[in-house]
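Q: any chance you can model this:
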Amino acid sequence: MKKFKKFIYICAVMMPLAFQATAQVPRTVVTGVVSDVADKDPIPYVTVLFKGTGIITKTDADGKYVISTSETHTVLQFSYVGYKSTFITIKPGESQVVNVKMQSESQALNEVVISSNKRPAYRNKNNPAVELIRKVIENKAKNQNQNYNHVEYQQYEQMAFSLSNLSDKFKNKRIFRNYQFLFEEQDSTKIGGKLTLPIYMEEKVSQNYLQKSPEKKKTILIGDKHVNYDSKFVDTKGKGKYFERMYADVNIYENNISLVSNQFLSPIADASPTFYKFFITDTIKTQTPHLIELSFIPRNNTDLLFEGRMYITMDGNYAVQNAFLTVNKNINLNFVRALEAKLNFEKNPDGRYHLSKTDLIVDFGLNQNKGGGFTGQRIVLIKDYKINKAQPDTVYAGPSKVVSPNAENLPDQFWVAQRQQDTLLKAKLSIYKNIDTLQTIPSFKRTMDLVTLLFAGYKNFGPFEVGPVNTFYSFNNTEGFRLRLGGRTTPELSKRYYFETYAAYGFKDEKWKYFLSATYSLNNKSIYSFPQNYIRGSFQRDTKIPGQELQFVQEDNFLLSFKRGENNMLLYNDFYKIDYVKEFENHFSYTVTARKWIQRPGGSLVYNNFENNMLTGVDKLTTSEIGFSLRYAPNEKFYQGKIYRVPIIDKYPVFNLRYTAGLKGVLDGQYNYHNVMGSMDKRFYLSQLGYSDVTIEGGYIFGKVPFPLLTVHRANQTYAYQLNSYNLMNFLEFVSDHYASFNIDHNFNGFFFNKIPLVKRLKLREVASFKVLYGSLRDENNPNKDSSLLQFPTNEDGSSRTYTLGREPYMEGSVGIANIFKVLRIDAVKRFNYLDNPNVSEWGVRARVKFDF
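A: Numbers count the residues shown, from 1 in each chain. Purely as a prediction, here's the structure:
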């Protein structure tokens, strides 16, 4: 008994000491950079381990590594294919920085006759890594969904967005005094930093069916849950569409992967060995089938390429089992601080693999290295994946995408069950409640009012909003100083009835201009939301420059008041209109219009014709028209702004067809005519060579009409570069009654500048455009051939201002530099012909501001 008591006493004394000793064992933490001893370049994906242990890591894309242990080890081992293994002695129990320079195997030869400071040139020939990637490329087709006759699966996706990399100073600002509950903390080593402010989240669940032959696809949206902001501040659905475009599906088997509105060349694209360097960095034999770790980096680190690693199955399928994609810090990509995509694949019953999880995260910031930013993460999970299970034709009937009637009204239990699939899905869920609470705080409403005023141009007063503010002041040679004030009703007044108005006054011509419209929504939805279905009546008395057509900009925008050359021709127009608009979910729409148009010449523009061989002035023209237009934009996405829909451009075309008939004798209409116009717009992606925006357009006018009713070709006398106008053509310089045009604007995305040392650091991008216009005028509509027609306008010296196109088309082209300061594009524009026309320039410099990634 005495011995037992003695044993208890010893344990009571020694155990705390033992625990204290254990708690005080210091941890060994080693950080550093691994680089090439010859050219000092960092070496990515080097294997770093404590010698003789399984404690292992790899360097990142910049050659950096972190490795730690609580065990006592004194030697670090660094290994990489093509390099001599390096062993470094370290001090256990301390935090230390160890930068390592590795030597190429060729430099380590004992017998050296000729020495060189350069490592051997990378070659595709006789390179086992390149031979492996070519096997992967050869087997791409059979490793994709399209290889199976039938595929079905359920997909869950979650997108979450936060203000990121925030400081405590930012959090403690007075403006956030009432919003402390919004901030969240995370591991400081994660992308986005320690302190974040979640601002948006959406979740979707869909059932998907694919059929190989005949090719069919069906997506049924079962559930849709997202943060809802007040529609007067934010177009929530439009924002969701924009995020979908930015964070598109990552299919590594496609030649090109679309992310942040750009196309990246996949590391297993057909041409990938030309643009990437590949290295076999590990072989994994602990699982079946065996895997090879294949690492890859861009040959040029500023091109739109990935770097990372993927694991290839060695079972004869050469399928990707896992992949990690990121980008180089020097990539020619604006505002992107970090981009990572992790892809996981699961085995099918036939031994092949399907994508089961995608985790994509992108961190944005104005400053590349510091300051607050914006981080978005999209997680996609695939479950219940079934192959070669045929479905009846009824499953594929109707539209390819349908929404379940109660998709937005599912109970919380449904979403809780969906989130059980992955622990990552349960983070930041408080945002739903937080944003609802936020929108009840008066100070937040005031802040959003100010933001809407600054960026959208409208000040909200509940049932009525005033704007747009950028039209309040402008000037031109005819009207002089012009003031304008206007506004419109909001859904707070009525979801059925909408009214809009403005009044403007020119202090030089001393005339009032005004506009009034009333709109009735036929589907009980806002007339600014998709799909539109409304009828509108309006009257407008205002001025217009003949031949000026603007996109997404008000014509009396202050910045467009500055113009080159003579700019003193205006039309004073009275428009009486009734419009009926009908849009469909498949983005087909039609518009029916009835219009009476009274136009009067203004400024130096006069209307004259010959009567009894005498030149006689004409005060006005009156036309009565009915019109019908069709538009089809498959898979279109857009953000609904306060004034315009801003398209989120993708690879899909947009078709337009318009027919207008003039009715003589109806409501004082003076002319019978038929005007038909058609156009197609499409963006063509050319992988590493960038993309081209192409527009084809044509029109024909049947009947005898005066020149103001002809097609007045789009001209531009401002100093802003306009994509759809002729930038060195004068207003009202060319008219036609039949024409065809072709415009191409190509952005090379820095393909050439990226190859030039030093210049590549500026991240500039090359642009080029070419525009050609064929047109003509039949004799019956040519005042030079028929004196009874209104005569073309003339200058003070009697020379003509307006011309017809001859056998030779009008042509102009430009070359330029884009991405200057990340937002500015400057073009040198050349006009190739019709240089004898008065007041024209052969060369010009134009600028355009565009926010782009």
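
Q: the stretch 1-150 of the chain: strands as residue ranges?
A: 28-36, 47-50, 56-58, 64-69, 75-79, 86-89, 95-97, 100-102, 150-166 (DSSP state E, counting those that start in this stretch).

Q: those strands: lowest mean pLDDT?
A: Lowest mean pLDDT within the strands of the stretch 1-150 of the chain: strand 56-58, at a mean of 83.

Q: and that strand, how far from the chain's centre?
A: 36 Å (C-alpha atoms, centre = their mean, to the nearest Å).

Q: what's in contact with that strand?
A: Residues from elsewhere that reach strand 56-58 (C-beta atoms under 8 Å, 6 or more residues apart in numbering): 45-49, 65-67, 281. Every residue, glycine included, has its C-beta placed from N, CA and C.

Q: for it, buried residues please.
A: Buried residues in strand 56-58, counted by 16 or more other C-beta atoms under 10 Å: K58.

Q: so what strands line up beside that strand?
A: Here strand 56-58 is paired, per DSSP bridges, with strand 47-50 (antiparallel).

Q: with just CA atoms, put the strand it pairs with into PDB.
A: These are the backbone C-alpha positions of strand 47-50, laid out as PDB (Å, rounded to 0.1, in the frame of the first residue of the first chain):
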ATOM      1  CA  THR A  47       8.800  18.600 -54.000                       C
ATOM      2  CA  VAL A  48       9.900  19.700 -50.500                       C
ATOM      3  CA  LEU A  49      10.000  17.300 -47.600                       C
ATOM      4  CA  PHE A  50      11.700  16.500 -44.300                       C
END
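
Q: one step back: show me which of the contacts of strand 56-58 are buried.
A: Buried among the contacts of strand 56-58 (16+ other C-beta under 10 Å): 45-49, 65, 67, 281.

Q: which two of those residues have the greatest separation?
A: I67 and T281 (16.5 Å; C-beta to C-beta).

Q: can you list the low-confidence ranges for the stretch 101-250 of the chain?
A: 105-120, 231-233, 235 (pLDDT under 70).

Q: which stretches of it form helices?
A: 128-138, 168-171, 236-246 (DSSP state H, counting those that start in this stretch).

Q: touching the first one from outside, list them.
A: Applying C-beta under 8 Å, 6+ apart, the external contacts of helix 128-138 come out as 124, 267-270, 272-273, 276, 278-280, 292, 294, 296, 312, 318-320.

Q: repeat that for 6 Å
A: The contact list for helix 128-138 (C-beta atoms under 6 Å, 6 or more residues apart in numbering) reads 124, 268, 273, 278-280, 312, 318.

Q: just the CA atoms of it, as PDB, please.
A: Presented in PDB, the C-alpha positions along helix 128-138 are these (Å, rounded to 0.1, in the frame of the first residue of the first chain):
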ATOM      1  CA  PRO A 128       8.100  12.100 -71.900                       C
ATOM      2  CA  ALA A 129       5.900  14.800 -70.400                       C
ATOM      3  CA  VAL A 130       4.900  16.000 -73.800                       C
ATOM      4  CA  GLU A 131       4.400  12.500 -75.000                       C
ATOM      5  CA  LEU A 132       2.000  12.000 -72.100                       C
ATOM      6  CA  ILE A 133       0.000  15.100 -72.700                       C
ATOM      7  CA  ARG A 134      -0.400  14.100 -76.300                       C
ATOM      8  CA  LYS A 135      -1.900  10.800 -75.100                       C
ATOM      9  CA  VAL A 136      -4.300  12.800 -73.000                       C
ATOM     10  CA  ILE A 137      -5.300  14.900 -76.000                       C
ATOM     11  CA  GLU A 138      -5.800  11.800 -78.200                       C
END
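
Q: report the distance from that helix to the chain centre.
A: Computed by C-alpha atoms, centre = their mean, the chain-centroid distance of helix 128-138 equals 32 Å.

Q: ok, the last one next?
A: Here helix 236-246 is found 10 Å from its chain centre; the criterion is C-alpha atoms, centre = their mean.

Q: by contact count, what packs against it?
A: The contact analysis (3 or more C-beta pairs under 6 Å, 6 or more residues apart in numbering; DSSP states H and E) places helix 236-246 against strand 638-640.

Q: beyond the strand it packs on, next helix or strand please.
A: Remark: after strand 638-640, the chain's next helix or strand is strand 645-647, criterion DSSP states H and E.

Q: ok, that following strand: who's next to it in the sheet?
A: Short version: by DSSP bridges, strand 645-647 pairs with strand 638-640 (antiparallel).

Q: list the contacts of the strand it pairs with.
A: By C-beta under 6 Å, 6+ apart, strand 638-640 touches 235, 238, 242, 528, 645-648.

Q: which among these end up buried?
A: 235, 238, 242, 528, 645, 648.

Q: which among those gets closest to T288?
A: Y242 (43.4 Å).

Q: the closest one: what's it in contact with?
A: 639, 648.

Q: so how far is N406 from it?
A: 26 Å (C-beta to C-beta, to the nearest Å).

Q: returning to what we had before: report the two of the contacts of strand 56-58 separated the most.
A: V66 and T281 (18.2 Å).

Q: hmm, back to that, a markdown table for the strands of the stretch 1-150 of the chain, including distance to R174?
A: Below are the strands of the stretch 1-150 of the chain laid out as a markdown table (distance: least, C-beta to C-beta, whole Å):
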| stretch | distance to R174 |
| --- | --- |
| strand 28-36 | 38 |
| strand 47-50 | 47 |
| strand 56-58 | 43 |
| strand 64-69 | 38 |
| strand 75-79 | 49 |
| strand 86-89 | 51 |
| strand 95-97 | 38 |
| strand 100-102 | 48 |
| strand 150-166 | 15 |
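
Q: of all these, which one comes closest to W597?
A: Taking the strands of the stretch 1-150 of the chain one by one with C-beta to C-beta, strand 150-166 is closest: 46.6 Å.

Q: for R658, see how far away P44 is.
A: 55 Å.

Q: more neighbours: which of the two?
A: P44 (24 against 17; other C-beta atoms under 10 Å).

Q: which of the strands of the stretch 1-150 of the chain sits closest to S769?
A: strand 150-166 (34.5 Å).

Q: just want the angle from the closest one to helix 236-246.
A: Using axes from the mean of the first three to the mean of the last three C-alpha atoms, to 10 degrees, the direction of strand 150-166 lies 100 degrees away from that of helix 236-246.

Q: from the contact counts, what lies against strand 150-166?
A: strand 195-211, strand 373-387.

Q: other SSEs contacting the last one?
A: Meaning strand 373-387. strand 150-166, strand 353-364.

Q: what about V676, how many residues nearby?
A: 15.

Q: hmm, I was thinking of Y534
A: Using other C-beta under 10 Å: Y534 sits among 19 other residues.

Q: just say helix, strand or coil for it.
A: Per DSSP: H, G, I helix; E, B strand; the rest coil, the secondary structure class of Y534 is strand.

Q: picking that back up, ok, the buried ones among the contacts of strand 638-640 vs L485, which is closest?
A: Checking the buried ones among the contacts of strand 638-640 one by one against L485 (C-beta to C-beta), the nearest turns out to be Y528, at 20.9 Å.

Q: the closest one: helix or strand, and which one exactly?
A: Here Y528 is assigned to no helix or strand, by DSSP H and E.

Q: for it, which non-adjacent residue is closest in space?
A: Q640 (5.7 Å; C-beta to C-beta, 6 or more residues apart in numbering).

Q: that neighbour and V380, how far apart?
A: Q640 is 26 Å from V380, by C-beta to C-beta.

Q: so where does Y590 fall, helix or strand?
A: strand 588-603.

Q: from the contact counts, what lies against that strand?
A: Packed next to strand 588-603, using 3+ C-beta pairs under 6 Å, 6+ apart, are strand 569-583, strand 621-632.

Q: could you figure out how far it is turned away from strand 569-583?
A: Going by the same axes, to 10 degrees, strand 588-603 makes 170 degrees with strand 569-583.

Q: okay, now the sheet partners of strand 588-603, with direction.
A: For strand 588-603, pairing defined by DSSP bridges yields strand 569-583 (antiparallel), strand 621-632 (antiparallel).
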